[in-house]
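Chemist: Sequence unavailable; structure follows:
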């Protein structure tokens, strides 16, 4: 199907579209009343497992905000269904039996996400049908380190003592787990592309907790394998490492099409770090949307001005949109971005 | 009283001592069995309010680890006793009534910490007596932004929606609160110096959540006031901003004696950011201490090698020591630092 709005994909491919494309991480979510309406009837997990409802919530921000890309409604942890690992959302994700010992590792199943998480691929197909070519659809997964960290920590962590303990004390086992996780995620992303996604984003939400030397030693080789695999799939890839701008240079070395940037660094500096021949995505602090309209406009323009130094720029927040956001402010942001760069 | 070991203060003043000084953030704490022994009898808050016990736990790591400085056992939130704000530790700190509205603000009391938190100053005096000149004593407080954030969020936060909401929506009120908080903290630090501390560290544990532009606009002017005040007190000051290396340049602009560096940036790069004429403190990932001895030695030496590019270097962790740390590994680190640089 021919896409009506190709500005996002053009930018991913390094061509500057007439107006800067924008989408927002977590744009299908709790800040939207129409999302909360659906969630009042089904749990988060039920929603992720019901393709038609996934499509409905995936399209909500496309309808309301006029964003230039849709991102599949799902969660990075559903892939655990391919591993025999139960995860609950209360509402933060929690794993009943975190993987900490050799015996825990032995019990892990390394299944095929194309079968075991088939409902996600059905959701991709439902989204593509519902979108009918209006905007491209972004698929995603967690990066190997972030996904493995959840498996080992069992839930969100401030200190990451379990995953770092494993990394530092048993590096061979750590690398073995990372390698297996990477293969599983490669298969998963391949399945999403076969099902129809137009682009992919890999979220390394937790890698920011690592010192640059540890990212290089323990994470980069696996990310390189994953990026090389995706390059063969024919869709652009965005790599987004959150919470540590010192990792941007390594992130750029991977050779993904687009480098995601969070809000903790000036976009000018981020572009200088990764090189002006690269495509960047970002990087407004999501909480700016809690401020008045004049502030949102001013800061959005600052980000757009900075983005001109890159080969191409996809406007985004530096992290997921807050559930406390007024949807009207989110729409204002989209209009400012479209109007200013147009 | 003449100090026996001046290596830490020498380094603070920009003179390279014969061997690199080391202390560790949170060095008096739960990883030590002798600390847990005391905590089995008194609560955390009771401990902070009992000067003789504060002195005992403050000295525990000096005795066991041979560190080159002691840091007062206390908490950045006890200063709320001067504001009529109750805080509980369960074990994470929590404020029963966070300050969110104009009415909440009107209810705040801006007392004199020298009177209302007099037990801390008594603890300083008890520590100095007990130390008897062995090593210098570091006093501390939370930075204005971090302290105000706790007051407004009420507890640890991932999104900082309340403090950022205030900052972006009501900047005048935010600045007024920051200014009042800064004056309170200046008085508090002055009291600590009068009571006998030899150096001060200001912890801006939460400022890392800010974009550089917001740190400049909303935090830097207040930090400048605080740093200028401390300059008149005659003891060296360490400023430690955690979680965002993009703020190092602004942190250096403040003109504090020592710039604390967390583990998320290579120390070489941090020194390049702040300038090689400056004194830096840091920056080993605390979780490295969960690893084997060979790794601890290797990484400690890497940090020491990098530190040579600075005017002077105080070895520290990039954040507080983990409660899961084997005290023997902490002692090993001190010995490696003393031995390698000696």
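Modeler: It's in. Please read all numbers here as calculations on a predicted model, not as lab measurements.
Chemist: can you list the residues of chain A near chain B?
Modeler: By CB under 8 Å from any CB of the partner chain, the part of chain A that sits against chain B consists of A:156, A:158-161, A:164-165, A:168-169, A:208-214, A:243-246, A:263-266, A:269, A:285-288, A:290-292, A:295, A:299, A:302, A:318, A:322, A:324. Where you see a C-beta, it was placed from the backbone N, CA and C, and this is true even at glycine.
Chemist: which stretches of chain A aren't confidently modelled?
Modeler: Under the criterion pLDDT under 70, the flagged ranges of chain A are A:342.
Chemist: Just give the closest residue to residue A:325, not the sequence neighbours.
Modeler: Leaving aside its sequence neighbours, residue A:325 sits nearest to residue A:31 (CB to CB, 6 or more residues apart in numbering or on different chains; 4.2 Å).
Chemist: And that neighbour, how close does it get to residue A:186?
Modeler: Applying CB to CB, to the nearest Å, the value for residue A:31 to residue A:186 is 33 Å.
Chemist: Spatially central residue for chain A, please.
Modeler: Centroid-nearest residue in chain A: residue A:203, 4.1 Å away (criterion: CA atoms, centre = their mean).
Chemist: Report all helices and strands that the helix or strand hosting that residue contacts.
Modeler: Per DSSP states H and E: residue A:203 is located in strand A:199-204. If you count contacts as 3 or more CB pairs under 8 Å, 6 or more residues apart in numbering or on different chains; DSSP states H and E, strand A:199-204 packs onto helix A:7-12, strand A:137-142, helix A:144-153, helix A:171-195, helix A:220-231, strand A:237-241.
Chemist: And the fifth one, what does it pack against?
Modeler: The reference is to helix A:220-231. Looks like helix A:220-231 contacts helix A:144-153, helix A:171-195, strand A:199-204, strand A:237-241 (3+ CB pairs under 8 Å, 6+ apart).
Chemist: Okay, angle between the third one and helix A:220-231 too, please.
Modeler: Yep, that's strand A:199-204 we're talking about. Angle, strand A:199-204 to helix A:220-231, by axes from the mean of the first three to the mean of the last three CA atoms, to 10 degrees: 170 degrees.
Chemist: Touching strand A:199-204 from outside, list them.
Modeler: A:8-9, A:12, A:69, A:71, A:76, A:136-143, A:145-146, A:185, A:189, A:192-193, A:219, A:223, A:226, A:230, A:233, A:235-242, A:256, A:260 (CB atoms under 8 Å, 6 or more residues apart in numbering or on different chains).
Chemist: From the residues of chain A next to chain B, list just the buried residues.
Modeler: With burial judged by 16 or more other CB atoms under 10 Å in any protein chain shown, the buried subset of those is A:159-161, A:164-165, A:168, A:208-212, A:214, A:243-246, A:263-266, A:269, A:285-288, A:290-291, A:299, A:318, A:322.
Chemist: Surely residue A:269 touches residue B:246?
Modeler: Yes: Residue A:269 is within contact range of residue B:246, at 6.9 Å (criterion: CB atoms under 8 Å).
Chemist: Now the common contact residues for the two.
Modeler: Common neighbours of residue A:269 and residue B:246, counting by CB under 8 Å, 6+ apart, are residue A:245.
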